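Enquirer: sharing a sequence plus its predicted fold:
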Amino acid sequence: MDKVKDFKARETLITGAGSGIGRATALAFAQAGARLWVVDIRLEAARDTAALIQAQGGVARALQCDVADVDAVQAMAAQVHDEIKALDILMNNAGIGSGGRFLDTTIEAWRKVMDINLMGVVHGCHAFLPAMVARGKGGHVINIASAAAFVAAPEMPIYAASKFAVQGFTESLRGDMAAHGIGVSAICPGIINTGIVASSLMQGALGEQGRQGRVEAFYKKRNYTPEQVAAAILRAVRRNVAVQPVSPEAWGMYYAKRLAPRLVDKLAGVQLPFLK
């Protein structure tokens, strides 16, 4: 397989790039010489990221897209392909958090999270991979999963299900794309200091006044940064890593699931400390 080790002039598209891990990774790729397509559901946020890249001498285009809308993703791909033959790197990063015990969750919440976290990844791959394959010069796909794809907390049934699905899809896609020289990596961050908690769908007890703020405060205090995740992502692409845990707790969950599954089962009913 032709590993993507040099990012200079590589056409790279990142969804959810208006903030957090998406923005940090866009900046990291740009600093390594890549040409960025910066996508977010909020056009102004995408433009802000593109402006940061351009201020550093990089090349970036800002695009608006709701990844849950398959027609919008296909239209975005058509716009990109009007200018270039194919992407070199595709990063499906856009996502939404959720919390709440299963009996407190609604079907509407399940559909919204799955449409963004899972189908957004599928939509991105459907829209951009055919051109990457047809070009015949390899490339790389990055799908953002989560440490929740290793160990599913009882308070995160929807989120965990979406990220387990991304992880499984990525594993299947990796095997499929290997014949075309295209690497595929699942990135599994743990507790990262981004704005995901503030925008999460919290239901039941987790939606009570003040609870969401306490979770946000815990993430900020933990302060594992998006820039640290971005650095891990670039390393994973260079090495064509299949699954990349990011942060100590993510690595702990990764190994615990494999080496101590009974312990993981016992801990399944223990409430996460920052949710109390």
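Expert: Perfect, I can see it now. Numbers count the residues shown, from 1 in each chain.

Enquirer: all strands for the stretch 1-150 of the chain, in order.
Expert: In chain order, the stretch 1-150 of the chain shows strands spanning 11-14, 35-40, 59-64, 89-92, 98-99, 139-144, with DSSP state E, counting those that start in this stretch as the criterion.

Enquirer: just the angle between the third one and strand 35-40, please?
Expert: Relative orientation of strand 59-64 and strand 35-40, computed by axes from the mean of the first three to the mean of the last three Cα atoms, to 10 degrees: 20 degrees.

Enquirer: now do the buried residues in strand 59-64.
Expert: Along strand 59-64, these residues count as buried under the neighbour rule (16 or more other Cβ atoms under 10 Å): 60-64. Placement of C-beta: from N, CA and C, glycine included.

Enquirer: hang on, isn't A186 packed against A149?
Expert: Yes: under the contact definition of Cβ atoms under 8 Å, A186 touches A149, with a separation of 7.4 Å.

Enquirer: if we can go back for a sec, format the buried residues of strand 59-64 as a markdown table; extra columns: pLDDT and distance to L27.
Expert: Rendered in a markdown table, the data for the buried residues of strand 59-64 read as follows (pLDDT from 0 to 100; distance: Cβ to Cβ, whole Å):
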| residue | pLDDT | distance to L27 |
| --- | --- | --- |
| A60 | 98 | 9 |
| R61 | 98 | 15 |
| A62 | 98 | 14 |
| L63 | 98 | 17 |
| Q64 | 98 | 19 |
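
Enquirer: residue ranges with poor pLDDT in the stretch 101-250 of the chain?
Expert: 193, 195-199, 209-223 (pLDDT under 70).

Enquirer: can we see that at 80?
Expert: Where the stretch 101-250 of the chain drops to pLDDT under 80, the residues are 193-199, 201, 206-223.

Enquirer: still on that earlier bit, now distance to A131 too, for the strands of the stretch 1-150 of the chain, in a markdown table please.
Expert: Rendered in a markdown table, the data for those read as follows (distance: least, Cβ to Cβ, whole Å):
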| stretch | distance to A131 |
| --- | --- |
| strand 11-14 | 11 |
| strand 35-40 | 13 |
| strand 59-64 | 16 |
| strand 89-92 | 10 |
| strand 98-99 | 33 |
| strand 139-144 | 10 |
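
Enquirer: looking at these, which is closest to W251?
Expert: Relative to W251, the nearest member of the strands of the stretch 1-150 of the chain by Cβ to Cβ is strand 139-144, separated by 16.7 Å.

Enquirer: pairing partners for that closest one, with directions?
Expert: strand 89-92 (parallel), strand 182-189 (parallel) (DSSP bridges).

Enquirer: any chance of these in TSV with distance to A250 and mean neighbour count as columns?
Expert: Compiled in TSV, the strands paired with strand 139-144 are given as follows (distance: least, Cβ to Cβ, whole Å; neighbours: other Cβ atoms under 10 Å):
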stretch	distance to A250	mean neighbour count
strand 89-92	18	28
strand 182-189	5	26
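
Enquirer: hmm, back to that, tell me the residues that contact both of A186 and A149, please.
Expert: Common neighbours of A186 and A149 (criterion: Cβ atoms under 8 Å, 6 or more residues apart in numbering): 166-167.

Enquirer: burial count for N117?
Expert: 27 (other Cβ atoms under 10 Å).

Enquirer: ok, now K5?
Expert: Look at K5: counted by other Cβ under 10 Å, it has 9 neighbours.

Enquirer: same check, this time on S172
Expert: The burial count assigned to S172 is 10, neighbours taken as other Cβ under 10 Å.

Enquirer: what about it, which SS state?
Expert: Here S172 is helix, with the state taken from DSSP: H, G, I helix; E, B strand; the rest coil.

Enquirer: surely A256 forms part of a helix?
Expert: Yes: with three-state DSSP as the criterion, A256 is part of a helix.

Enquirer: right, and it touches A147 too?
Expert: No: counting by Cβ under 8 Å, A256 stays clear of A147, with 10.5 Å between them.

Enquirer: okay, and V229 sits in which element?
Expert: V229 belongs to helix 226-239 when assigned by DSSP states H and E.

Enquirer: between A256 and A147, who's got more neighbours?
Expert: With neighbours defined as other Cβ under 10 Å, A256 and A147 compare such that A147 has more, 24 against 15.
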